[in-house]
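Chemist: Have a look; sequence and predicted model below, questions after that.
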Amino acid sequence: MKRPNDFKLETVRQVAERASYFCSNPKCRRITIGPDKSNQAKSTKTGIASHICAASQGGARYDMSQTPKERQSISNAIWLCATCSVLIDKNGGHDYPADHLKKWKKDHESLMKECLEGSKRVILQLKPVTDQSIICRKIIKFLENKGALFVDFNNENPHYVFDSIRDMRTFFVSLQTEILESSPLEVIVDSMTNACRHFMNNTQPTMSIKEMEYGLGAMRKIIGFNLADMKKVYSVTLSTNLESILPTE
Ligand SMILES: [Zn+2]
């Protein structure tokens, strides 16, 4: 059913075309138009002209100073895929303020203009999106065999610890091509890679375990914080050993 402040069909078409039918969220840019599978004379559209400021009171980012005409105008619309159109309204829209969405729209339209003029090209990345929780489970499986993360300091061999952490860093770097750009997992893995790097820059394998203790403790703490985030965001289960280095609430 059409509500009083919904966009006119003409406005929907215009905002979609100005976005070249790509989602305007810079972290998404999913295409929202393509062929209909069963009818070769039809196309399928999945995008939505979303309200920057809500159409009616109580909606996300509702601006009471807007006139009904402004609410329905193209300047209040942003083209998004179905997922992102829901995302921006979560939590009452507080995570995505109007200025933020206006910037997405402006930047996206500028980019599409550059593509139209030929100074930039749209490159299709024909790579299936790997389920990020599969990568999380791979990380957990790898780390649960790394005693350097949880074995009592007194039972550690410094050479073994050093090699083990170098292995971890190499492993994290090898995952980079599988991790989605700008995903929470990218932040988590970057932080764990940096923790390994920092440890290696400030430690030598010739040090005693006593001399390594401080650096190793700090590194375990950072890995623990990141594993806690991973558990929360990707709903994965950790082994008992890895649970032991999570931050205590
Ligand atoms: Zn999207």
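Modeler: Here it is on my side, so go on.
Chemist: how about the strands of the protein, start to end?
Modeler: 33-35, 43-45, 48-51, 77-80 (DSSP state E).
Chemist: what's the first one packed up against?
Modeler: I take that to be strand 33-35. Packing partners of strand 33-35 (3 or more CB pairs under 8 Å, 6 or more residues apart in numbering; DSSP states H and E): strand 43-45. For every residue, glycine as well, the C-beta is placed using N, CA and C.
Chemist: partners of the strand it packs on, with directions?
Modeler: strand 33-35 (antiparallel) (DSSP bridges).
Chemist: what sits up against the strand it pairs with?
Modeler: Counting contacts by CB atoms under 8 Å, 6 or more residues apart in numbering, the residues outside strand 33-35 that touch it are 16, 21, 42, 43, 44, 45, 46, 47.
Chemist: chain center to it: distance?
Modeler: 25 Å (CA atoms, centre = their mean, to the nearest Å).
Chemist: residues in the protein within reach of the ion, list them.
Modeler: 23, 25, 28, 30, 81, 84 (CB under 5 Å from the ion).
Chemist: Show me which of these are buried.
Modeler: Buried members of these, scored by 16 or more other CB atoms under 10 Å, are 23, 25, 81, 84.
Chemist: what's the average pLDDT for the longest helix along the chain?
Modeler: Using DSSP state H, we find that the single longest helix of the chain is helix 209-234. Regarding helix 209-234, the rounded mean pLDDT is 91.
Chemist: How about stretch 69-83?
Modeler: 95.
Chemist: on that earlier part again, now distance to residue 235 too, for the buried ones among the residues of the chain next to the ion, in JSON lines please.
Modeler: Shown next, in JSON lines, are these (distance: CB to CB, whole Å):
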{"residue": "23", "distance to residue 235": "25"}
{"residue": "25", "distance to residue 235": "23"}
{"residue": "81", "distance to residue 235": "23"}
{"residue": "84", "distance to residue 235": "22"}
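Chemist: What residues does the closest residue to residue 189 other than its chain neighbours make contact with?
Modeler: Among residues not flanking residue 189 along the chain, residue 172 sits closest, at 5.5 Å (CB to CB, 6 or more residues apart in numbering). By CB under 8 Å, 6+ apart, the residues touching residue 172 are 189, 192, 193, 196.
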